[in-house]
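# Have a look at this prediction, sequence included:
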Amino acid sequence: MLVDVTGAEVRFRHPLMRSAIHQSMTAADQRAAHAVLAQVLPDGQEDRRIRHQAAATALPDESVAAKLAATADRAARRGGVAAAVEALSRAAALSEDPEWRTERLLRAADFAVELGQRDTVGRLLDEAAKSGLSAQQQVKVAWLRGSFDEGLRQQASNATTLTALAQEVAAGDDIALAVRILWSAAQLCFWSEPGARVRQLVLDAAEKLPLDELDPWLIAIPTAARCCSSRARRTIPLRPRSPAPPTSTSSAIPE
């Protein structure tokens, strides 16, 4: 017996058998099987249904691509970053609009950075570049390509470049991306010693971000920019402070 059948459930007795059967099927048979699974899945398994629909789709289909991209967001919120990369990569392949395809590839690369998958990031960014990139997307690609170099080399120039990129992106109203890029610059300041001037550049850029004064990023970025790891123990203040007033050491009561 290759499978156990219990009611409406069919279970393979061994996972290798499941994989062997799947790999022995033609592409058309695989798509047909995914289409059937998408139809019979019960309510409450919408993300699985969409993944099977995507696997059953041979040609670009924007409606399927959009639904699959939405599953990536939900997977990422649950901590399933690898699933988000896979879903966005497939959504990009199914995208009818070249702009949506590029954006989904960039988002997939962004998640792949979190997983430390340098090769995957490079492949996704190269694929995105084939369709042409907007100025904003070029900034994001430059940032993503440099994500694996934080704290390793050219600390001062890298932190300065990232700060300039963050300011450029913020001027284009993509505040969320600007914050993340500036956070990368602050991390460089933490893991290295770029110098007081570079640290102050990051601090000044953080203060100019249009964020609520209680936003956690306005604590995290300045803290990382001012402090440093054990490799470089030196900090600078966020703003020059006025000298504290002299404290009298006399206990006498003036007459």
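Ah, there it is.

# just checking, next helix/strand downstream of the helix or strand of the chain with the lowest mean pLDDT?
Across the helices and strands of the chain, mean pLDDT, DSSP states H and E gives its lowest value to strand 9-12, namely a mean of 82. As assigned by DSSP states H and E, the chain's next helix or strand after strand 9-12 is helix 15-24.

# could you give the mean pLDDT of stretch 69-89?
Here stretch 69-89 scores 95 as its mean pLDDT.

# hmm, back to that, what's the least confident helix or strand of the chain in contact with?
Outside strand 9-12, the residues that touch it by Cβ atoms under 8 Å, 6 or more residues apart in numbering are L2, V3, D4, V5, R18, I21. Every C-beta, even on glycine, is put in place using the N, C-alpha and C of the backbone.

# Next, the third one: phi, psi?
In this entry, D4 is assigned phi and psi values of phi -110, psi 130 (degrees, to the nearest 10).

# go on, the first one?
Comment: the main-chain dihedrals of L2 come out as phi -90, psi -30, following degrees, to the nearest 10.

# burial count for it?
Residues near L2, counting by other Cβ atoms under 10 Å, number 11.

# Excluding sequence neighbours, find me the nearest residue to it.
Leaving aside its chain neighbours, L2 sits nearest to M17 (5.8 Å; criterion: Cβ to Cβ, 6 or more residues apart in numbering).

# Kindly reformat the contacts of strand 9-12 as a markdown table containing distance to P216 and pLDDT.
Listed next are the contacts of strand 9-12 as a markdown table, based on distance: Cβ to Cβ, whole Å; pLDDT from 0 to 100:
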| residue | distance to P216 | pLDDT |
| --- | --- | --- |
| L2 | 53 | 79 |
| V3 | 51 | 82 |
| D4 | 50 | 86 |
| V5 | 52 | 86 |
| R18 | 44 | 82 |
| I21 | 49 | 84 |
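
# Please work out which residues outside stretch 89-109 touch it.
54-55, 57, 60-62, 64-66, 68-69, 72, 84-85, 88, 120-121, 124-125, 127-128, 131-133, 137, 140-141, 144.

# next one: that stretch to chain centre, how far?
Relative to the centre of its chain, stretch 89-109 is centred 15 Å away, using Cα atoms, centre = their mean, to the nearest Å.

# Would you mark the buried spots in that stretch?
89-95, 100-109 (16 or more other Cβ atoms under 10 Å).

# same check, this time on stretch 135-145
Neighbour-count burial for stretch 135-145 [16+ other Cβ under 10 Å]: Q137, V139, K140, V141, W143, L144.

# State the number of residues packed around I181.
Neighbour number of I181 under other Cβ under 10 Å is 28.

# That one reaches L162, doesn't it?
Yes: here I181 reaches L162: they are 5.6 Å apart, a contact under Cβ atoms under 8 Å.

# circling back: what pairs with the least confident helix or strand of the chain, parallel or antiparallel?
Sheet pairing for strand 9-12, assigned by DSSP bridges, gives strand 3-6 (antiparallel).

# So which bits of the strand it pairs with are buried?
Result for strand 3-6 [16+ other Cβ under 10 Å]: no buried residues.

# what sits up against that strand?
The contact list for strand 3-6 (Cβ under 8 Å, 6+ apart) reads V10, R11, F12, R13.
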